[in-house]
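Visitor: Here is my input; please provide its structure:
(chains A and B)
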Amino acid sequence: MTDFKKKLSDVLGKSIPQLTQEEILAMIEIPPNSEMGDFAFPCFKLAKVFRKAPNLIAEDIATNLHKGDFIERVETAGAYLNFFIDKKHFIKSVIGEVLLKKETYGSSLMGNGKNVIVEFSSPNIAKPFHIGHIRTTVIGNSLYKIYKFLGYNTITINHLGDYGTQFGKLIVAYKKWGNEEEVRANPIPTLLKLYIKFHEEAEEKPELEDESREWFKKLENKDEEATKLWGWFREVSLDEFNRVYNMLNIKFDSYAGESFYSDKMPDAVKKMEEANILKKSKGADIVDLEEFGMPPALIRKRDGSTLYITRDIAAAIYRKETYDFYKNIYVVGSQQNLHFQQWKKVVELMGYDWADDCVHVPFGMVSLEEGTMSTRKGRVVFLEDVFNKAVDKTKEIIKEKSPNLEDLDTVANQVGIGAVMFQELSNNRIKDYVFNWDKVLNFEGETGPYVQYTHARACSVLRRAGVSVEDSFKAELLVDDVTLEVVKKIQQFPQIIKDSQRKNEPSIITRHIIDLAQAFNRFYHDHPILVEDENLKKARLAIVFATKEVLSIGLYLLGIKAPEKM
RNA sequence: GCACCUGUAGCUCAGUAGGAUAGAGCAACGGUUUCCUAAACCGUGUGCCGGAGGUUCGAAUCCUCUCAGGUGCGCCA
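Guide: All right, here's what the predicted structure looks like:
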């Protein structure tokens, strides 16, 4: 595909030798609306260089410019130079590229096979998989796909919360009030009930807390009974999580959770001692971070046992040794901003130069209309329920709108689950939001089903066309504004993928494919595609094909299926 | 108390490596189907971009202060 911006900067470079190619490229922008032009070059900054009013500079450049064959005309508007590129050339170049590359359009080798770790989802064993987990799960999965598409070798890690004193509590509760059949029949609800009961009882009998600490100590010391119960809880929980992961089509390369690093902690602590950064404070081992404006990092408790941050440090070292990562990404809620800052600083102080390759990708909180979620108080929305409801609603809609659709179940799954995922990926990660059933179950407007529907429509036209799409289409038949809008969105797509990677922000892709779908629906509405005129039909089909391809790639990068009929 | 994040239309949000008239969706009202999927399309209007200063030719975007909400701050994860 011709890089029009680059070519334009070449042309401008000849008129403005005072600026470097990069400087010119950075100054080129896209006008607020297409009537003004396709590209714009503001001349304000040149005023100092040329010692002349910016609007006069614009005039000068415009009259002396040797525009190549790709620029149709140049206009000035005040200090702006507005360029209109040759539309035929533009369409041919963009659509031709998609026809050639098909489902690899927008992919890249820029990653050069470098290893990128994406840690995400990471639910706690024996606790419900609820709506609060959806963002890390869906965002992490999308980032994994984006990096992979850009040529990185991507490794996904589910850092399970499968260790800690909570397991002591659970073992105590199970031994006192639980039984095997009940757990087998209904694992997570039963374990959760036991966990809640423990906390209720512990309020009256604080000695339960001591007991649970003892059991956790036993677990750390590989006590047979403790290990067996812990392994069992972990297994039944993972089975339940996998049901949801299967619904979402998500797989992990590694399930190395907190427990995996339990034997790697002493070594990590030793390295901190060697780096001479550990300090005793109130009986505990800490790293003092006061000079960096942060509270101290607690590495080891008074009783010698380790903490969350210690495990994360051990995990990072292990990952560097095992994967030699180029980037190590943590998709974890913004509540842990401070934790990650401290953790990174400690890793840096330990002398590891790769501390900066570790990035925390935070996201905002999900709450319910009743308030913040609380598993202990039973104030929680289960993820599986959300997906099931969305699928049920989709079935109703299909029965009404598309009663003859074959494979109803498959499509309803793809659309219902896609709707929920899409919504999670539409807003900036960092925003908090309140979960609302009406909103997730709305399938009109800027939603996943809207994009999927647009894709299905495009597929349908291609099926009925009866001719194959070729790159010999006549681009001059496509130069109207409505069609050009579609082509522009397609042209921007590769850069959009890179932007979303750079910012670790899948919503940039989500927004863009909504824009493309809108532009396409306008095109679809205004222009009949399957017309008598063979040339016109072929030209419009090329647009349909390219749109279908980009929508499908976009949805793929979000982890969402693109059904061909719905 | 300290630190970080957020504040844009009635609601949910785009737009923040400064740029031309601040945009969508939802909701409301009205219109479009002998025609490729109406989960669609078109039209109607609303903004002290939280507030005040500053930097700049130019600020929703950068800086300072301030207000409101959220999150986090030593033995949980």
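
Visitor: A:R463: neighbouring residues, count only.
Guide: A total of 10 residues lie near A:R463 under the criterion other CB atoms under 10 Å. C-betas here are computed from N, CA, C, even on glycine.

Visitor: Can you pull the phi/psi pair for A:E72?
Guide: Reported as degrees, to the nearest 10, the phi and psi values for A:E72 are phi -80, psi -50.

Visitor: and the closest residue to A:K344 other than its chain neighbours, what pLDDT?
Guide: In this structure, A:K344 finds its nearest non-sequential neighbour in A:A355, 5.4 Å apart by CB to CB, 6 or more residues apart in numbering. On the pLDDT scale, A:A355 is placed at 96.

Visitor: can you give me the strands for the stretch 251-400 of chain A?
Guide: According to DSSP state E, counting those that start in this stretch, the stretch 251-400 of chain A carries its strands in the segments A:278-281, A:284-287, A:297-300, A:327-331, A:358-361, A:366-367.

Visitor: just those strands: most buried one?
Guide: strand A:327-331 (a mean of 23; mean count of other CB atoms under 10 Å).

Visitor: That one pairs with which strands?
Guide: Sheet partners assigned to strand A:327-331 using DSSP bridges are listed as strand A:115-119 (parallel), strand A:358-361 (parallel).

Visitor: What parts of the stretch 301-450 of chain A come near RNA strand B?
Guide: Residues of the stretch 301-450 of chain A lying near RNA strand B by CB under 7 Å from any atom of the strand: A:301-303, A:307-309, A:311, A:334-339, A:364-365, A:372, A:394, A:397-398, A:401-402, A:411, A:415, A:426-428, A:430-433, A:439, A:442-446, A:449-450.

Visitor: one more time with 6 Å, if that's ok
Guide: Counting by CB under 6 Å from any atom of the strand, the stretch 301-450 of chain A comes close to RNA strand B at A:301-302, A:307-308, A:334-339, A:365, A:372, A:394, A:397-398, A:401-402, A:415, A:427-428, A:430-433, A:443-446, A:449-450.

Visitor: want to throw the strands paired with strand A:327-331 into CSV with mean pLDDT?
Guide: As requested, the strands paired with strand A:327-331 are exported to CSV (pLDDT from 0 to 100):
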stretch, mean pLDDT
strand A:115-119, 98
strand A:358-361, 97
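
Visitor: Quick one, which of the ones you listed gets closest to A:E240.
Guide: strand A:115-119 (20.5 Å; CB to CB).

Visitor: Now tell me what touches the helix or strand following the closest one from outside.
Guide: For strand A:115-119, the following helix or strand on the C-terminal side (DSSP states H and E) is helix A:134-149. Residues outside helix A:134-149 that contact it (CB atoms under 8 Å, 6 or more residues apart in numbering): A:106-108, A:111, A:116, A:118-122, A:154, A:156, A:248, A:250, A:329, A:331-333, A:361, A:363-364, A:366, A:383, A:386, A:420-421, A:424-425, A:429, A:497, A:500-501, A:504, A:506, A:509, A:556-559.

Visitor: same check, this time on stretch A:433-452
Guide: The contact list for stretch A:433-452 (CB under 8 Å, 6+ apart) reads A:131, A:364-369, A:381, A:386, A:389-390, A:393-394, A:397, A:414-415, A:418-423, A:426-427, A:513-514, A:517, A:551, A:554-555, A:560-563, A:566.

Visitor: Show me the residues you listed that map onto helices.
Guide: A:386, A:389-390, A:393-394, A:397, A:414-415, A:418-423, A:513-514, A:517, A:551, A:554-555 (DSSP state H).

Visitor: Mind checking which of those are buried?
Guide: If you count burial by 16 or more other CB atoms under 10 Å, the buried members of these come out as A:386, A:390, A:393-394, A:397, A:414-415, A:418-423, A:513-514, A:517, A:551, A:554-555.

Visitor: Smallest distance to RNA strand B belongs to which residue of chain A?
Guide: A:G445 (2.3 Å; CB to the nearest atom of the strand).

Visitor: does that residue sit in a helix, a strand or a coil?
Guide: Following DSSP: H, G, I helix; E, B strand; the rest coil, the label given to A:G445 is coil.

Visitor: Pick out the residue nearest the middle of chain A.
Guide: A:I139 (3.4 Å; CA atoms, centre = their mean).

Visitor: Tell me the pLDDT of the residue of chain A closest to RNA strand B.
Guide: A:G445 carries a pLDDT score of 94 in this model.

Visitor: Look up phi and psi at it.
Guide: The phi/psi pair for A:G445 (degrees, to the nearest 10) is phi 80, psi -140.

Visitor: Counting neighbours, what do you get for it?
Guide: By other CB under 10 Å, the residues close to A:G445 number 9.

Visitor: same check, this time on A:W343
Guide: A:W343, neighbours per other CB under 10 Å, totals 23.

Visitor: Let me know whether it touches A:L298 as I believe.
Guide: No - counting by CB atoms under 8 Å, A:W343 stays clear of A:L298, with 11.4 Å between them.

Visitor: and for these two, which residues touch both?
Guide: A:I309.

Visitor: who wins for proximity to A:I188 among the strands of the stretch 251-400 of chain A?
Guide: A:I188 sits nearest to strand A:366-367 of all those, at 19.0 Å, using CB to CB.

Visitor: Pull out the buried residues from stretch A:107-116.
Guide: A:S107, A:G111, A:N115, A:V116.

Visitor: Distance of the third one relative to A:R319?
Guide: Distance, A:N115 to A:R319, by CB to CB, to the nearest Å: 9 Å.

Visitor: Not counting its own residues, what contacts stretch A:501-512?
Guide: A:139, A:142-143, A:146-147, A:150, A:329, A:359, A:361, A:422, A:425-429, A:489, A:492-493, A:496-497, A:499-500, A:554, A:557-558.

Visitor: thinking again about what came up before, closest one to A:R540 among the strands paired with strand A:327-331?
Guide: So among the strands paired with strand A:327-331, strand A:115-119 is nearest, using CB to CB, at 39.6 Å.

Visitor: For that closest one, what is the distance to the chain centroid?
Guide: Averaged C-alpha coordinates place strand A:115-119 at 13 Å from its chain's average position (CA atoms, centre = their mean, to the nearest Å).

Visitor: What parts of the stretch 51-200 of chain A come near RNA strand B?
Guide: Counting by CB under 6 Å from any atom of the strand, the stretch 51-200 of chain A comes close to RNA strand B at A:A77, A:Y80, A:N82, A:G161, A:G164, A:T165, A:Q166.

Visitor: These in helices, which ones?
Guide: Counting by DSSP H, these contribute A:T165, A:Q166 to helices.
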